[in-house]
Structure formats: structure tokens, C-alpha cells
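[1] got a structure for you, letters missing:
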């Protein structure tokens with residue numbers, strides 16, 4: 001089924017009407033209604049659909065799409081009778097500007113310019129459900145429904161300052177396609193990407209943003225996940241840093257905190273994984289209870305993520321630690337933290 005989008009000129013924002021409509025005599029902003037084909041099907045030309053809300057003596061239409069302009073004039077257009085005006089199908093062009101001049105028998109004239117964006121139906125879609133980033137390789141991988149050959153990429157940093165933009169030839173799909181970063185990965189917060197093939201385009205945004213929060217580690221008693229009162233000041237300092245991060249980036253991306261619990265190699269590895277998970281959860285609960293309202297995820301790595309590699313059974317304080325990481329998505333490849341099934345803390 002073809003989907004058409006309709007809008008009365010009275011529904012346009014006031015600022016747009018003031019900018020684009022020039023009237024002589026008693027013409028009204030709602031004299032015309034228009035629609036268009038937002039997703040032309042196979043072999044279908046894009047079109048604008050115009051319906052006069054009162055009889056039009058003369059309707060002049062000029063459509064500019066890409067480098068081509070077509071013009072036509074319709075006489076004695078009856079009230080309520082829809083007119084369909086097409087322009088040639090060019091799958092590389094997906095924007096048109098339609099200029100209308102309606103002259104009425106009472107001498108009034110309405111002029112309006114309508115910008116139209118459209119995409120050719122069923123050609124390309126992007127699935128972000130399993131999107132991943134690789135900081136070391138400077139790439140983002142997504143799934144697409146059809147082949148793509150170009151990526152238009154804009155990189156934004158803190159406060160949505162534009163860092164870089166580029167159009168890059170790529171090859172991939174259907175299935176996964178890997179898109180390179182533009183901009184410095186250490187500064188990029190959001191990537192705004194438009195993927196294209198010869199007949200369609202699809203856009204998405206993705207945040208590879210990732211920060212490791214420096215902190216002083218909480219000291220736990222042996223085989224315990226209880227946070228002693230004399231350790232709370234360390235978490236208070238971490239909380240203040242997290243609030244600063246939210247102030248700087250929270251308006252751009254959904255800030256999430258990831259806490260990785262780690263142990264040394266003393267004791268059974270299975271028990272160490274369980275203990276490190278309980279300690280990460282204890283830290284998360286303290287931060288939640290003290291005002292951190294954003295999503296928190298934890299994972300117990302036990303002795304599998306050593307800061308200083310040692311043999312089995314080595315008591316090493318540097319390995320008894322937790323990592324605090326923030327990002328819009330889980331820590332990406334190249335961050336030094338393996339991909340795992342992070343668990344949400346309520």
C-alpha cells in the first residue's frame with residue numbers, strides 16, 4: 001500500500017508561513033492543501049498532490065529536484081479536486097522544492113514554497129539492535145537491509161560542537177557494514193551517519209563515547225562486600241565526578257555507568273567472580289542511594305581482568321579494584337574491557 005503524507009497550509013508553523021507566503025488581496029493561508037509521496041514505490045515517480053479549498057483560476061507550479069526544474073500551469077482548478085503533479089524519478093535525488101502560485105477570480109494571489117524530503121520505498125533500512133563500536137579500529141558496525149556504497153558522517157563533541165564531517169566510499173550489506181569514524185575518537189560523542197546506495201538512503205546516530213572515571217578504590221574487608229563508613233568519602237568524590245559528566249554530556253547522550261568488579265588471584269576463581277560482582281553491586285547501590293539517578297550496570301570479572309598479571313594465589317592490592325566507566329553504550333572494543341552481559345541495577 002502506498003503511503004501519502006498530507007498537510008494543510010494552515011498547519012505549517014507561523015514562522016514558515018510568514019517567510020514563504022506572499023498574499024495580495026484577501027487570499028487565505030488555507031486556500032490550498034497539499035500532500036506528497038514520501039516513499040515512491042518501484043517505477044513510481046515522486047509527486048506532489050494539491051487540493052484547492054476554493055476554486056483557483058490559475059495555478060502555477062515549479063518543482064526543482066536536483067539540477068532539474070519542471071514548470072506547469074493549471075487553469076480553472078475546481079474546489080476539492082486533487083491535482084497530482086509528478087517529476088522524473090531519479091533515485092539519487094531525494095529532495096525537492098515545490099513553488100506554488102495560486103490566482104483566484106477575486107484577484108487575490110497566494111504564493112508558497114514547500115520543501116519535500118522523500119526516500120524510495122523498501123530500499124534500505126538500518127538495524128541498531130546489535131550495533132558495536134571499536135575504539136582502536138575507529139569503526140562502528142551496524143546491520144543494513146541492502147547494499148550500501150557511501151557513508152556521510154558528521155562527528156560531534158561535547159556541547160554538540162561539530163568536530164568533523166566527511167563522505168566516505170564503503171562497501172557492505174545486506175547484513176553487517178562497518179563505518180569508519182571521523183574526528184578524534186577521544187573527543188567524539190555522537191556520530192550522525194547517513195548510509196546510501198544508488199536508490200535510497202537511511203540515517204542513524206550512534207555514540208561511541210566512553211570515559212574511564214579516575215577514582216580511589218574502596219577497600220573491602222576480606223571476603224566482604226560491605227562498604228565501611230570510612231570508605232564513603234571515596235565514593236562521594238566519584239559521585240561528584242559523575243555529576244560533572246552528566247552536566248557536560250547528559251543533554252546529548254543517555255549517560256550510563258558501568259562498574260566492573262575485579263579481584264586478585266588468591267582463592268577460587270569462581271568465588272572471586274561472585275565476590276567481585278557483589279562488591280560492584282554494593283558500589284552501585286551506594287551511588288544510587290546517594291543521588292545518582294542514571295542507569296547503572298555491573299559485572300564481576302573476578303581475577304580475569306588483572307591490572308598487573310600475576311600467577312595464581314598472589315595477593316596483589318592493585319588487582320583488588322573496580323573500574324567506573326560511563327558511556328551511552330557498553331564499553332566498546334579497544335577500551336580494554338571485554339564484551340560481557342552487563343546486569344542492570346535497579
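    It's in. Since the model is a prediction, treat every value here as computed from it, not as a measurement.
[2] what's the helix or strand for the nearest residue to residue 130 once chain neighbours are set aside?
    Leaving aside its chain neighbours, residue 130 sits nearest to residue 143 (6.6 Å; criterion: Cβ to Cβ, 6 or more residues apart in numbering). Using the backbone N, CA and C atoms, a C-beta is placed for each residue, glycine as well. Per DSSP states H and E: residue 143 is located in strand 139-144.
[3] One more: residue 245?
    Going by DSSP H and E, residue 245 is in helix 232-249.
[4] repeat for residue 297
    Counting by DSSP H and E, residue 297 is part of strand 296-302.
[5] and that strand with helix 232-249, angle?
    Counting by axes from the mean of the first three to the mean of the last three Cα atoms, to 10 degrees, strand 296-302 lies at 130 degrees to helix 232-249.
[6] Pairing partners for strand 296-302, with directions?
    Looking at strand 296-302 with DSSP bridges, its partner strands are strand 256-262 (parallel), strand 343-345 (antiparallel).
[7] which other residues reach that strand?
    For strand 296-302, contacts defined as Cβ atoms under 8 Å, 6 or more residues apart in numbering pick out 256-263, 269-270, 272-281, 283-284, 287-288, 330, 340-345.
[8] which of the residues you listed are buried?
    Burial by neighbour count, 16 or more other Cβ atoms under 10 Å: within the contacts of strand 296-302 this picks out 256-263, 272-281, 283-284, 287, 330, 340, 342, 345.
[9] what's the first-to-last distance across stretch 48-60?
    One end of stretch 48-60 to the other measures 13 Å (Cα to Cα, to the nearest Å).
[10] so how far is it from its chain's centroid?
    39 Å (Cα atoms, centre = their mean, to the nearest Å).
[11] Kindly report the same for stretch 262-269.
    40 Å.
[12] do the same with stretch 218-237
    Relative to the centre of its chain, stretch 218-237 is centred 38 Å away, using Cα atoms, centre = their mean.
[13] which stretches of the stretch 201-346 of the chain form strands?
    According to DSSP state E, counting those that start in this stretch, the stretch 201-346 of the chain carries its strands in the segments 201-206, 210-212, 256-262, 296-302, 322-327, 343-345.
[14] Residue 116 is nearest to which of those strands?
    With Cβ to Cβ as the measure, strand 201-206 is the member of these nearest residue 116 (14.8 Å).
[15] chain center to the closest one, what's the gap?
    Its chain's C-alpha centre lies 7 Å from the corresponding centre of strand 201-206 when counted by Cα atoms, centre = their mean.
[16] Who are the contact partners of residue 242?
    Residues near residue 242 by Cβ under 8 Å, 6+ apart: 213, 257, 287, 292, 294, 324, 326.
[17] Let's have these in JSON lines, adding distance to residue 149 and pLDDT.
    Shown next, in JSON lines, are these (distance: Cβ to Cβ, whole Å; pLDDT from 0 to 100):
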{"residue": "213", "distance to residue 149": "40", "pLDDT": "94"}
{"residue": "257", "distance to residue 149": "38", "pLDDT": "97"}
{"residue": "287", "distance to residue 149": "46", "pLDDT": "98"}
{"residue": "292", "distance to residue 149": "44", "pLDDT": "96"}
{"residue": "294", "distance to residue 149": "39", "pLDDT": "95"}
{"residue": "324", "distance to residue 149": "41", "pLDDT": "96"}
{"residue": "326", "distance to residue 149": "35", "pLDDT": "96"}
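[18] picking up where we left off before, packing partners of the strand holding residue 143?
    The contact analysis (3 or more Cβ pairs under 8 Å, 6 or more residues apart in numbering; DSSP states H and E) places strand 139-144 against strand 126-134, strand 175-180, strand 190-196, strand 201-206.
[19] So what angle separates the directions of it and strand 175-180?
    Angle of strand 139-144 versus strand 175-180, following the same axes, to 10 degrees, is 150 degrees.
[20] which parts of the next helix or strand after strand 139-144 are buried?
    Beyond strand 139-144 on the C-terminal side, the first helix or strand identified by DSSP H and E is strand 148-156. By 16+ other Cβ under 10 Å, the buried positions in strand 148-156 come out as 148, 151, 153, 154, 155, 156.
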